[in-house]
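Enquirer: would you be able to build a 3D model of this:
(one chain, ligands or ions: 2)
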Amino acid sequence: MSEELHVHVVDHPLVQHKLTLMRQKETGTKDFRDLLEEIAMLMAYEITRDFPLREIAIETPVAKCKAKVLAGKKVGLVPILRAGLGMVEGVLNLIPAARVGHIGLYRDPATLKPVEYYCKLPGDVAERTLIVVDPMLATGGSASAALTMLKEKGAKGMILMCLVSAPEGIRCINQKHPDVPVYVAAIDERLNDRGYIVPGLGDAGDRIFGTL
Ligand code: PRP
Ligand code: URA
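Expert: Numbers count the residues shown, from 1 in each chain. Ligands and ions are numbered 1, 2, ... in the order given. Next up is the predicted model:
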């Protein structure tokens, strides 16, 4: 019996179209970066769909009325370095007041285990809804380590937002962090023997920063 994956797939046509452009090996650094930023903005629109609202009294040029404003916790945005940086501006376009924390992790190419090298977070992570961003969810080791680090610093409400995922990565987060909703734009077939997502889009960090 196949195990159910708990994941939200953002299948909006604009997201899917832009992701296809990103996957193509001919797509250069500038276009890749622009597309990632655009998709991050579109995905942020989807993941904030259920944010709570409250009514306030306002006055338009025509009349007094009640109108809705966001009511929930403030937002913190946490990119996993390096590649997560490529999603920051897109989310900030929609949520400009979000505080931004950074978690530095890289995957050891031999063991595929995450190695931590940086962590700087807003002081009030416990009071914020944290959106953790990384374009790639492969084994899930990096995202899982980042979520653990954030929980150790007191974080409570977190959402993981990735672009391309492998079933292995989603399974890892479901098992280790069942409290964290996972949003992706695609669930690909599998990982290859180097831990790369197939078909994927290659090394996201290298394609964003031109370090191929
Ligand atoms: C990539 C990617 C994720 C991680 C995913 O980062 O951006 O952080 O790999 O793989 P995992 O799910 O198996 O952990 P990488 O380690 O290449 O570092 P970089 O962003 O600095 O290039
Ligand atoms: N990291 C990447 O950048 N790409 C993959 O396919 C897997 C991990």
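Enquirer: surely Ile80 is in a strand?
Expert: Yes: counting by DSSP: H, G, I helix; E, B strand; the rest coil, Ile80 is part of a strand.
Enquirer: in the protein, which ranges drop under the pLDDT threshold?
Expert: 1-2 (pLDDT under 70).
Enquirer: what residues does the longest helix along it touch?
Expert: Assignment by DSSP state H gives helix 29-47 as the longest helix of the chain. Outside helix 29-47, the residues that touch it by CB atoms under 8 Å, 6 or more residues apart in numbering are 8, 10, 12, 14-15, 18-19, 21-22, 27, 86-91, 93-95, 131, 133, 135, 159, 161, 163, 181, 183, 185, 204, 207-210. Glycine gets a C-beta too; all of them are placed from N, C-alpha and C.
Enquirer: from those, list just the buried residues.
Expert: 10, 15, 18-19, 21-22, 27, 86-88, 90-91, 95, 131, 133, 135, 159, 161, 163, 181, 183, 185, 204, 207-209 (16 or more other CB atoms under 10 Å).
Enquirer: from the residues you listed, which are also near ligand 2?
Expert: Intersecting those with the contacts of ligand 2 gives Ala204 (criterion: CB under 6 Å from any ligand atom).
Enquirer: which ones among the buried ones among the contacts of helix 29-47 lie within helices?
Expert: Those of the buried ones among the contacts of helix 29-47 lying in helices (DSSP H): 15, 18-19, 21-22, 88, 90-91, 204, 207-209.
Enquirer: any chance of these in a markdown table, with distance to ligand 1 too?
Expert: What follows is those, written out as a markdown table (distance: CB to the nearest ligand atom, whole Å):
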| residue | distance to ligand 1 |
| --- | --- |
| Val15 | 18 |
| Lys18 | 18 |
| Leu19 | 15 |
| Leu21 | 19 |
| Met22 | 14 |
| Val88 | 13 |
| Gly90 | 15 |
| Val91 | 16 |
| Ala204 | 5 |
| Arg207 | 9 |
| Ile208 | 8 |
| Phe209 | 8 |
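Enquirer: and of those residues, the nearest to ligand 2?
Expert: The nearest member of these to ligand 2, counting by CB to the nearest ligand atom, is Ala204 at 3.8 Å.
Enquirer: now do the same contact list for the closest one.
Expert: Taking CB under 8 Å, 6+ apart, we find Ala204 in contact with 36, 83, 86, 135-136, 163.
Enquirer: 6 Å - rerun?
Expert: Contacts for Ala204 (CB atoms under 6 Å, 6 or more residues apart in numbering) come out as 83, 135-136.
Enquirer: list just the nearest of these to ligand 2.
Expert: Ligand 2 lies nearest to Met136 out of the contacts of Ala204, by CB to the nearest ligand atom, at 4.0 Å.
Enquirer: need the nearest residue in space to that closest one, chain neighbours excluded.
Expert: Using CB to CB, 6 or more residues apart in numbering and skipping the chain neighbours, the partner closest in space to Met136 is Ala204 (4.9 Å).
Enquirer: do you know how far that neighbour is from Ala71?
Expert: Distance of Ala204 to Ala71, given as CB to CB, to the nearest Å: 34 Å.
Enquirer: and this protein, which residues reach ligand 1?
Expert: Checking the chain against ligand 1 by CB under 6 Å from any ligand atom, the hits are 80-83, 106-107, 112, 114, 134-143, 169, 195, 203-205.
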